[in-house]
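A.B. asks: A structural model of the following input is requested.
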Amino acid sequence: MTSRIVCIVLIFAFIASSCASSVSGKDLAKEYFNLGNAYFAIKRYKDAIEFYQKSLDFEEGAPKTSFNMATSYIALGNYDKAIEILTALLAKDPRNTELYSLMAYAMHVQGKDEEAVVDYQKILEIQPEDRDALYNLGIIYWRKKDFEKAEGYFRSLLKVSVNEPKALFGLGSLLLDEGKPQDAVGFLNQYLETKPEDTAAYLVLANAYSALQRYLKALDTYDKVIALDKTLKDAWFRRAAIQLTKAQDPDRGAVSLEQALDLGFNDMTAVTALVKEIASGPLLENEKNQVYVLLKKKNMMPNIDTSGKK
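C.D. replies: Model (predicted):
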């Protein structure tokens, strides 16, 4: 029996014994609240809501209980009910940033980012250096392709916390997306100093080096990724692409490509682009054919002209 289930059993025992005792409503409210939390912890959200409601029957409008109930409704996808609860709580406590944050999240997961932005900005009006609000606004505006605002929020976060990892990674990735790979490299390397085992960040950094045509640095970065996780098919494929087209290292490139395909790489758009570049590139015909034979063997050879003619 896990500790959480033991907790539930003990609380049930307490409540059952309370029926024959003079336990106060406040104590019962607390125990029902704890039981709701125990169910929430094991993701039984409907049961959690049932016991939060029982708690509220004894302590009407209790903020923590209502907040947790709203969180449970969000977990179940009942956003309207969650927003109803949060709206009522905010009417009583209009400067509670935690309530605005949960409200913004409820809006965001519904795709209502305009409403989420309003709530995050209310947080900043109350608490201008709120890290989560600054970061989330950066992410929302990035997705909206409003790079200037997104960059502004990430940079504001870095002013609040100079080495904030998520701001460094977010800003580095955003700058690459903006077409500013040189600026991106600095932030991504700074991020990797704090998170040296983040393979996703290494992949973004390698893309930035490739965009700068610093292919040896890109290959070195892919080597680091693969050393951390040899199952990353994208890393193997991207390394193969550089080895076969930029570094002109066909033997190693073929090995990397085969490894990517063995791991299940199946992006035909990327494969087609690679074959076209190889076909028009400087590799010898037997070196090109080595790649084509490998792709045919894996049923990944695109049906295109490989004569190299334009």
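
A.B. asks: all strands for the stretch 201-310 of the chain, in order.
C.D. replies: Listed in chain order, the stretch 201-310 of the chain contains no strands at all (DSSP state E, counting those that start in this stretch).

A.B. asks: shaky segments in it?
C.D. replies: Counting by pLDDT under 70, the stretch 201-310 of the chain has low-confidence residues at 308-310.

A.B. asks: quick check, residue 266 in contact with residue 300.
C.D. replies: Yes. Residue 266 is in contact with residue 300 according to Cβ atoms under 8 Å; the separation is 7.1 Å. For every residue, glycine as well, the C-beta is placed using N, CA and C.

A.B. asks: which one's more surrounded, these two?
C.D. replies: Neighbour count, other Cβ atoms under 10 Å: between residue 266 and residue 300, residue 300 has more, with 18 against 13.

A.B. asks: show me what contacts the residue nearest to the more buried one when sequence neighbours are not counted?
C.D. replies: Excluding the flanking residues, the one nearest residue 300 by Cβ to Cβ, 6 or more residues apart in numbering is residue 271, at 5.6 Å. Neighbour list for residue 271: 295, 300, 302 [criterion: Cβ atoms under 8 Å, 6 or more residues apart in numbering].

A.B. asks: and the gap between residue 271 and residue 295?
C.D. replies: According to Cβ to Cβ, to the nearest Å, residue 271 stands 7 Å off from residue 295.

A.B. asks: next: residue 112.
C.D. replies: 45 Å.

A.B. asks: more neighbours: which of the two?
C.D. replies: Ranked by neighbour count (other Cβ under 10 Å), residue 112 and residue 295 place residue 295 first, with 19 against 14.

A.B. asks: burial of the closest residue to the more buried one other than its chain neighbours, as a residue count?
C.D. replies: Closest residue to residue 295 apart from its sequence neighbours, by Cβ to Cβ, 6+ apart: residue 301 at 3.9 Å. In terms of burial, residue 301 registers 18 neighbours under the definition other Cβ under 10 Å.

A.B. asks: which helix or which strand is home to residue 171?
C.D. replies: helix 165-177 (DSSP states H and E).

A.B. asks: ok now that helix, how far from the chain's centre?
C.D. replies: In terms of Cα atoms, centre = their mean, to the nearest Å, the centre of helix 165-177 is set 13 Å apart from its chain centre.

A.B. asks: can you check stretch 26-38 too?
C.D. replies: Worked out by Cα atoms, centre = their mean, stretch 26-38 lies 33 Å from the chain centre.

A.B. asks: same deal with stretch 138-150?
C.D. replies: On Cα atoms, centre = their mean, the centre of stretch 138-150 falls 15 Å from the chain's centre.

A.B. asks: tell me which residues of it come out buried.
C.D. replies: The neighbour-count check on stretch 138-150 (16 or more other Cβ atoms under 10 Å) flags 138-142, 147, 150 as buried.

A.B. asks: ends of it, how far apart?
C.D. replies: 4 Å (Cα to Cα, to the nearest Å).

A.B. asks: which ones are touching the residue nearest to residue 46 when sequence neighbours are not counted?
C.D. replies: Excluding the flanking residues, the one nearest residue 46 by Cβ to Cβ, 6+ apart is residue 76, at 6.9 Å. Shown in contact with residue 76 (Cβ under 8 Å, 6+ apart): 45-46, 49.

A.B. asks: and residue 76, how close does it get to residue 64?
C.D. replies: Distance from residue 76 to residue 64, by Cβ to Cβ: 19 Å.

A.B. asks: and for residue 228?
C.D. replies: Residue 228 is 41 Å from residue 64, by Cβ to Cβ.

A.B. asks: sorry, back to before: quick check: the residue nearest to residue 46 vs residue 82, distance?
C.D. replies: On the measure of Cβ to Cβ, residue 76 and residue 82 end up 9 Å apart.

A.B. asks: and if you look at residue 146?
C.D. replies: Counting by Cβ to Cβ, the gap from residue 146 to residue 82 is 27 Å.

A.B. asks: and if you look at residue 148?
C.D. replies: Distance from residue 148 to residue 82, by Cβ to Cβ: 32 Å.

A.B. asks: tally of neighbours for residue 132?
C.D. replies: So residue 132, with other Cβ under 10 Å, has 15 neighbours.
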